[in-house]
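[1] just to be clear, the model below is a prediction. Sequence and coordinates:
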Amino acid sequence: MSEPLTRLIVLLYLLSIVNCRGISAKKQDAHSKVYIVYLGEKEHDDIERITNSHYDMLEKIVGSKEAARESMVYSYRHGFSGFAAKLTKSQAQELEDFSEVIHVVPSTTHKVQTTRTYDHLGLGLSSEIPNNLLQTANMGDGMIIGIIDSGIWPESESFSDKGLGPIPSRWRGACEESEDGSFDPKKHCSRKLIGARWHMRALMANSRAYDAKLYNATANNDYLSPRDGPKGHGTHIASTAAGSIVPNVNFKGQSGGTLRGAAPKARIASYKVCWQDGSAGLQCEGADILSSIDQAIVDGVDVIQVSLGDVGLPVYFDSDKHNGIGIGSYHAILNGITVVAAAGNNGPVSGTVSNVAPWEITVGASTIDRSFPTPILLQNNITLLGQAFVNGIKGGPYRIHKESACSNILYAIEDEEERRLSELISGKLVMCFNSDPMEDLYVATRVQQLGGVGVIISKTLCDITVPVADDCPFIINVNYEVGNKLHRLLEANRKLEAKVCPTTTLVGKAVPIRVAHYSSRGPSTIAPEILKPDIVAPGSNVLAAYPKIRLDQENGYGITSGTSMAAPHISGIVLLLKAIHPDWSPAAIKSALITTGRVTDEFGYPLYTSGNPAKPADPFDYGGGIVNPNAAADPGLVYEIEKPGYINYLCAMGYRKAAISRLVERPMKCPKKRPCLLDINIPSITIPSLRNSTTLTRTVTNVGPVNSIYKAVVNPPDGMNVLVKPDVLVFSAKVKTASFTVTVSPKQQVNVGIYNFGFLTWVDGVHSVRSHISVKLQALEPYNY
């Protein structure tokens with residue numbers, strides 16, 4: 001499809017929704033078909049009168065009461081007014097001329113679809129999709145994932161064991177009883193949820209708040225058991241990675257479709273290590289995390305999912321009780337267990353990525369091709385477009401009260417100021433500017449306390465849509481451009497009023513995919529030579545299971561955002577990869593994901609970030625790119641790392657002999673010449689300080705056709721020369737691995753001080769095995785001004 005035509009289609013769609021209309025992709029013909037006649041808000045609550053008025057209107061078109069009753073399909077009379085009826089094209093056009101009719105549109109046919117993220121990644125449920133990893137791996141049947149998080153809500157349909165066979169015989173785990181009666185292993189565990197444990201000893205021992213006393217679960221609204229607490233973090237993650245197939249799921253009427261995890265037939269073992277701590281949120285102790293990883297290893301999981309923040313591997317291992325992820329994950333990968341961790345939500349600032357050990361898969365977040373446009377109808381036929389979850393007509397028109405900053409509302413705690421704001425806000429729609437997206441929900445709550453009906457929040461970025469409970473004011477997010485326009489209109493007319501139309505869901509090519517602004521960025525501050533994050537996956541507005549005790553969930557499902565939501569996408573995909581490649585090591589799986597990631601959109605344009613301002617994304621934003629599961633199943637070549645390679649990493653980092661010996665569980669002495677981090681066999685090249693020519697070595701293993709020939713294609717970073725020797729690799733039944741050197745040298749001796757990016761790709765006509773090259777030229781020694 002041509003770009004102009006695509007733009008025209010998008011424009012027509014947007015024009016339809018700003019008038020609160022739907023759109024049909026079907027051609028109309030002379031025969032009768034079902035049309036939806038939308039009349040807007042109800043004028044009263046007498047549903048019989050409303051229905052009769054619908055018949056009266058239809059009778060004027062079709063000619064008789066009898067014909068009207070035969071034509072009527074539905075009378076919409078509860079949330080709004082309208083009806084569906086069988087009409088010809090000319091009858092529908094005639095109805096549109098009625099003054100009380102807002103619009104008439106054909107009823108479109110909607111196909112059953114996923115809640116988007118996995119279809120977006122090419123893992124559709126249809127068996128007709130070619131090279132579909134989901135089908136090839138039998139949806140992950142027989143694989144086991146360990147979720148280390150805040151527990152699980154076992155009653156969710158996402159954890160149904162319907163259609164599953166026996167629990168894998170290799171499983172050695174268990175379901176533990178609760179101390180408060182909230183979890184019964186016989187009742188709550190199944191062939192889907194095959195393990196459920198809880199770890200909190202370190203939390204009790206280390207926290208001054210508890211002073212080594214028993215954790216007061218009741219006061220903290222949590223459970224002394226594997227059951228998830230009110231945050232629902234663990235439940236959401238578990239269902240995203242390996243949730244069972246659940247049809248007809250939506251959130252406030254949006255994102256409708258079939259909900260599932262990446263590996264819907266995989267089994268789940270939950271390890272609760274995070275506990276609600278009042279206003280402090282979830283508290284997760286490193287030693288508890290380490291204990292859970294240790295348990296998961298012996299229980300027999302295939303993948304460990306850890307969506308928890310960490311500061312990286314500690315230099316001195318006497319502090320390992322505060323950092324369980326880096327250490328525990330090392331032991332896991334030595335047992336063949338892949339560990340997937342979240343990169344953190346401290347973006348878009350560079351150098352903020354966490355969980356940076358080279359043996360972990362560190363996951364950043366992207367948006368997906370889905371948005372939730374919500375029209376705001378102003379006087380004088382002015383329409384502004386925001387992002388929200390508005391289910392049904394919200395009434396109005398409402399007067400708009402303007403505050404320059406949302407913080408004025410949030411922190412108005414003095415009685416006199418609160419009374420003043422309450423008088424200004426009560427019964428109105430509030431508009432304010434906010435720089436912190438994490439405060440949106442608090443702003444809405446405050447507006448509710450002051451009597452407001454809703455809030456329009458103007459901010460830099462709108463790729464996160466904040467859900468709220470049904471009894472809370474709705475939140476509409478608009479960007480600064482729209483916010484400033486509304487601000488000017490309010491300056492000109494202090495009595496400006498607005499109506500809010502229902503949200504629609506827009507998916508597909510009209511919605512650009514970006515690296516999420518909150519996703520933590522590289523380079524790693526622990527070891528900048530190790531590119532982090534490794535990969536990105538959908539993390540914004542992810543719909544998954546929630547505990548039914550959460551106020552902002554809907555029928556046990558809810559939407560949230562973060563790298564915590566991106567990581568389980570990768571965990572689930574790893575389950576699928578392990579199902580079809582049981583002999584692949586964690587390093588091979590990681591390599592396959594990184595070298596096949598997408599760095600352009602479907603039109604070939606480069607990926608952008610959602611930062612302010614938006615910029616072309618680079619490897620410190622996305623690692624290898626946006627995950628491409630089907631390509632990762634057949635990468636051609638992989639970069640393997642054996643145990644000695646990880647020990648070289650520790651020696652290169654300068655860890656003490658005693659510390660390394662403790663980690664590798666045997667006496668260990670590093671070589672006299674410290675190993676170079678640049679030679680760690682990872683599928684990327686990052687040189688943080690290039691002064692002269694530098695040569696490094698890599699080794700690849702052929703996992704494709706036995707007899708293969710690969711040629712090197714180099715796109716060097718600006719200002720650099722890159723030489724690969726040899727530039728042709730030949731594989732056969734006898735030659736399964738091949739080594740090569742990469743020499744990077746500057747074209748000029750200049751002190752650039754910033755990174756430039758390129759890549760090396762090995763190609764054989766079928767596979768493209770890409771390694772990113774990131775180089776910072778620093779010809780002079782660093783100095784302070």
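    Everything's here; your move.
[2] what's the spacing between the residue most central in space within the chain and residue 447?
    Closest to where the C-alpha atoms of the chain average out (CA atoms, centre = their mean) is residue 539, at 1.1 Å. From residue 539 across to residue 447, the span is 27 Å (CB to CB, to the nearest Å). To be clear about C-beta, it is placed using only N, CA and C from the backbone, and glycine gets the same treatment.
[3] cool, and residue 39?
    In terms of CB to CB, residue 39 sits 30 Å off from residue 447.
[4] and the two? Which one has more around it.
    Neighbours were counted for residue 39 and for residue 447 using other CB atoms under 10 Å; residue 447 has more, 29 against 20.
[5] next helix or strand past the helix or strand hosting the more buried one?
    In this structure, residue 447 is located in helix 440-449 according to DSSP states H and E. Where DSSP H and E defines the elements, the next helix or strand beyond helix 440-449 is strand 454-459.
[6] so which bits of the helix holding residue 447 are buried?
    Neighbour-count burial for helix 440-449 flags 440-441, 443-448 (criterion: 16 or more other CB atoms under 10 Å).
[7] and for stretch 63-76?
    Per 16+ other CB under 10 Å, stretch 63-76 contains these buried residues: 68, 71-72, 75-76.
[8] can you give me the helices for the stretch 451-600 of the chain?
    Secondary structure of the stretch 451-600 of the chain (DSSP state H, counting those that start in this stretch): helices at 480-492, 563-580, 586-595.
[9] how about residues contacting stretch 572-584?
    The contact list for stretch 572-584, computed with CB atoms under 8 Å, 6 or more residues apart in numbering, reads 121, 123, 133-134, 136-143, 145, 240-242, 261-263, 266, 302-303, 338, 340, 361, 537, 588-589, 592-593, 627, 629, 632-633, 638, 703.
[10] got a list of what residue 620 touches?
    Counted by CB under 8 Å, 6+ apart, residue 620 has contacts 350, 521-523, 531, 755, 774.
[11] swap in 6 Å and give it another go.
    Residues in contact with residue 620 (CB atoms under 6 Å, 6 or more residues apart in numbering) are 521-523.
[12] check the gap between the residue nearest to the centre of the chain and residue 562 for me.
    Applying CB to CB, the value for residue 539 to residue 562 is 6 Å.
[13] circling back: tell me which of the buried residues of helix 440-449 is nearest to residue 87?
    Set against residue 87, the nearest of the buried residues of helix 440-449 by CB to CB is residue 444 (41.0 Å).
[14] from residue 332, how far out is the closest one?
    Applying CB to CB to residue 444 and residue 332 gives a distance of 41 Å.
[15] same deal with residue 576?
    Distance of residue 576 to residue 332, computed by CB to CB: 19 Å.
[16] in terms of neighbours, single out the busier of those two.
    Taking neighbours as other CB under 10 Å, residue 576 and residue 332 compare with residue 576 leading, 27 against 24.
[17] so for the nearest residue to that one once chain neighbours are set aside, what's the pLDDT?
    Distance criterion CB to CB, 6 or more residues apart in numbering; nearest residue to residue 576, sequence neighbours excluded, is residue 137 at 4.0 Å. Here, the pLDDT recorded for residue 137 equals 91.
[18] so residue 137 versus residue 191, what's the distance?
    Taking CB to CB, one finds residue 137 at 18 Å from residue 191.
[19] how about the contacts made by residue 763?
    So residue 763 contacts 711, 713 (CB under 6 Å, 6+ apart).
[20] and stretch 605-622, which residues are buried?
    For stretch 605-622, burial by neighbour count (16+ other CB under 10 Å) applies to 607-611, 617-622.
[21] closest to residue 548 among these?
    The nearest member of the buried residues of stretch 605-622 to residue 548, counting by CB to CB, is residue 610 at 31.9 Å.
[22] do I have it right that the closest one meets residue 518?
    No: under the criterion of CB atoms under 6 Å, residue 610 makes no contact with residue 518, lying 8.5 Å away.
[23] the stretch 151-300 of the chain: strands as residue ranges?
    Assigned by DSSP state E, counting those that start in this stretch, the stretch 151-300 of the chain shows strands spanning 193-198, 246-251, 254-259, 267-272, 274-276, 282-284.
[24] which helices and strands does the first one pack with?
    Contacting strand 193-198 under the criterion 3 or more CB pairs under 6 Å, 6 or more residues apart in numbering; DSSP states H and E are the following elements: strand 267-272.
[25] coming back round to it: in a markdown table: the contacts of residue 620, plus neighbour count.
    Formatted as a markdown table, the contacts of residue 620 follow (neighbours: other CB atoms under 10 Å):
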| residue | neighbour count |
| --- | --- |
| 521 | 25 |
| 522 | 28 |
| 523 | 22 |
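[26] can you put those residues in a markdown table and add distance to residue 710 and pLDDT?
    Listed next are the contacts of residue 620 as a markdown table, based on distance: CB to CB, whole Å; pLDDT from 0 to 100:
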| residue | distance to residue 710 | pLDDT |
| --- | --- | --- |
| 521 | 31 | 93 |
| 522 | 27 | 93 |
| 523 | 28 | 94 |
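[27] measure residue 488 to residue 496 for me?
    Taking CB to CB, one finds residue 488 at 11 Å from residue 496.
[28] specify which residue of these two has the higher count of neighbours.
    Between residue 488 and residue 496, counted using other CB under 10 Å, the more crowded position is residue 496 (22 against 10).
[29] which residues touch that one?
    Residue 496 makes contact with 400, 489-490 under the criterion CB under 6 Å, 6+ apart.
[30] out of those residues, who's nearest residue 410?
    residue 400 (18.4 Å).
[31] and that closest one, which of the three is it?
    strand (DSSP: H, G, I helix; E, B strand; the rest coil).
[32] would you mind confirming that it makes contact with residue 427?
    No: between residue 400 and residue 427 there is no contact under CB under 6 Å: 11.4 Å.
[33] so for these two, which sits in the more crowded spot?
    Ranked by neighbour count (other CB under 10 Å), residue 400 and residue 427 place residue 400 first, with 22 against 10.
[34] can you pull up the bridge partners for that one?
    Beta-bridge pairing for residue 400 (DSSP bridges): residue 429.
[35] where does it land on pLDDT?
    The predicted local confidence for residue 400 is 85.
[36] which residues in the stretch 351-500 of the chain form strands?
    Counting by DSSP E, counting those that start in this stretch, the strands of the stretch 351-500 of the chain are 361-366, 370-371, 373-378, 383-387, 398-403, 429-433, 454-459, 474-479, 497-500.
[37] for residue 229, which non-adjacent residue is closest in space?
    Nearest to residue 229 is residue 222, by CB to CB, 6+ apart, at 4.0 Å.
[38] how far away is the one you found from residue 151?
    For residue 222 relative to residue 151 (CB to CB), the value is 9 Å.
[39] for this protein, name the helix or strand with the lowest mean pLDDT.
    helix 3-17 (a mean of 36; mean pLDDT, DSSP states H and E).
[40] partners of the helix or strand following that one in the sheet?
    Per DSSP H and E, the first helix or strand lying C-terminal to helix 3-17 is strand 33-40. Take DSSP bridges as the rule and strand 33-40 pairs in its sheet with strand 81-87 (antiparallel), strand 103-106 (antiparallel).
[41] let's have the ones you listed in a markdown table, adding distance to residue 169 and mean pLDDT.
    A markdown table is the format used below for the strands paired with strand 33-40 (distance: least, CB to CB, whole Å; pLDDT from 0 to 100):
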| stretch | distance to residue 169 | mean pLDDT |
| --- | --- | --- |
| strand 81-87 | 54 | 78 |
| strand 103-106 | 54 | 72 |
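[42] ranking those by burial, who's on top?
    strand 81-87 (a mean of 22; mean count of other CB atoms under 10 Å).
[43] list the buried residues of the helix or strand just after it.
    Counting by DSSP H and E, the next helix or strand C-terminal to strand 81-87 is helix 89-96. Buried residues in helix 89-96, counting neighbours by 16+ other CB under 10 Å, are found at 91-92, 95.
[44] tell me who's in contact with residue 638.
    Per CB under 6 Å, 6+ apart, neighbours of residue 638: 588, 591-592, 701, 703.
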